[in-house]
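In: let's see this in three dimensions:
(one chain, ligands or ions: 1)
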Amino acid sequence: MKTLLFGKDGQLGREFIPSILACSELLAVGRNECDLSSSEKIQVLIEKFKPNLIINTSAYTAVDQAQSEPEIARLINAQAPTVMAKAAESVGAVLVHYSTDYVFDGLKKEPYEELDTCSPLSVYGSTKQLGEQGVKDYCARHLIFRTSWVFSAHGNNFLKTILKLAKTKEELKVISDQWGAPTSTALLVSATLAALKKNAVINEKHEPVIRADKQKQSWGLFNLTAGGETNWHEYAQYVISSAVQMGMGDKFVLQASKILSIPSREYPQLAPRPLNSRLNTKKACETFDIQLPDWREGVDQELAKIVNNKELDKN
Ligand SMILES: NC(=O)c1ccc[n+]([C@@H]2O[C@H](COP(=O)([O-])OP(=O)(O)OC[C@H]3O[C@@H](n4cnc5c(N)ncnc54)[C@H](OP(=O)(O)O)[C@@H]3O)[C@@H](O)[C@H]2O)c1
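Out: From the prediction side, this is the model:
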């Protein structure tokens, strides 16, 4: 089995590499190997390598910057996955792609379901929505996972930012009226592999399955986040409290109680964010027989990695 991974240097891409190497010949590419603004490069790469499985973890994720670079965001978030979908279909590959809670405006009172109408507030959200559509339109065997607030021990994310700020700031103000579920890359990888197993793309030993029972396969779009919900303020407080419990306290001048809560209007950002980013994950759990642990579990796991790697001493 051959897997082509786009986005090898991103948070999620890096997390995938060891698990995919265990079950498949892997070609992992980043910006240097394949600039996704070129449709031709994507198409040639897929047609030459002829993967059985394509995992696209790459995206233009600079949400605020996208407001002033809409064309680049469109190329990476909309055009590139559409080209991948067409090429995947032509070589018979399964395409796994990731999308975002930011396809919604956040006005719904309940967690969003897969079929809820998209109404993105930002360029990032609208280009990601176009990317979803391209994948749906052109590749029959696709999995699109909509997720939220992604973090890991490596890469740039809110958890790492809070840890860094805690070294120098005695007080922080953090938004408390945007709700969602922080989701670790480790959870996204394990749930994706579970879905691929359930769809008989790989077996229990992570080996490729030659003759899959097509009746039992489920393709399409699925919400996929950690369990539970929180807001950025509560999340930040949890990160610092938990990090202190794990022995990182001597690195911080900030205490959890000095993280103050503010409304979004007091922290204007170039790209508006949805107030409700909560995604209902029932469909993914039932279809793929997965359980999605509470977001705090993922935070603790990534913090433990940061402690073990002495990551906090590096910056
Ligand atoms: N981060 C979040 O909070 C979040 C929330 C919801 C959904 N998602 C979705 O989850 C997926 C994974 O996100 P992530 O956090 O792992 O993203 P990430 O860490 O920002 O990684 C994205 C990768 O895409 C690559 N990329 C960007 N432009 C490129 C180009 N022109 N050519 C080639 N590669 C390019 C980047 O390359 P460089 O390293 O060279 O820049 C980077 O390695 C994405 O689909 C994202 O939209 C993320």
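
In: if I look at residue 293, what pLDDT would I see?
Out: Predicted confidence (pLDDT) for residue 293: 98.

In: ramachandran coordinates for it?
Out: The phi/psi pair for residue 293 (degrees, to the nearest 10) reads phi -70, psi 160.

In: for it, what are its contacts?
Out: 187, 226, 227 (C-beta atoms under 8 Å, 6 or more residues apart in numbering). From N, CA and C alone the C-beta is placed, and that goes for glycine too.

In: residues in contact with the second one?
Out: This means residue 226. 181, 182, 183, 184, 187, 292, 293, 294, 295, 297, 298.

In: what subset of the residues you listed is buried?
Out: 181, 182, 183, 184, 187, 292, 295, 298 (16 or more other C-beta atoms under 10 Å).

In: look up how far the ligand lies from the third one.
Out: By that I understand residue 183. Between residue 183 and the ligand the distance is 8 Å, computed by C-beta to the nearest ligand atom, to the nearest Å.

In: test my guess that that residue contacts residue 152.
Out: No - taking contacts as C-beta atoms under 8 Å, residue 183 lies outside contact range of residue 152: 9.8 Å.

In: report the beta-bridge partners for residue 2.
Out: residue 25 (DSSP bridges).

In: show me which of the buried ones among the contacts of residue 226 is closest to the ligand.
Out: Lowest distance from the ligand to the buried ones among the contacts of residue 226 (C-beta to the nearest ligand atom) belongs to residue 183, with 7.6 Å.

In: just the pLDDT at the closest one, thanks.
Out: For residue 183, pLDDT reads 98.

In: residue 207 now?
Out: Taking residue 207 on its own, its pLDDT is 61.

In: whichever helix or strand residue 13 is part of: which residues count as buried?
Out: Here residue 13 sits within helix 11-21, counting by DSSP states H and E. Neighbour counts over helix 11-21 (16+ other C-beta under 10 Å) mark 11, 12, 13, 14, 15, 16, 19, 20 as buried.

In: which elements pack onto that helix?
Out: strand 2-6, strand 25-29, strand 150-151, helix 185-198 (3 or more C-beta pairs under 8 Å, 6 or more residues apart in numbering; DSSP states H and E).

In: list the contacts of the closest residue to the ligand within the stretch 101-250 of the chain.
Out: Nearest residue of the stretch 101-250 of the chain to the ligand: residue 150, at 3.5 Å (C-beta to the nearest ligand atom). Residues near residue 150 by C-beta under 8 Å, 6+ apart: 11, 12, 157, 182, 183, 184, 185, 188.
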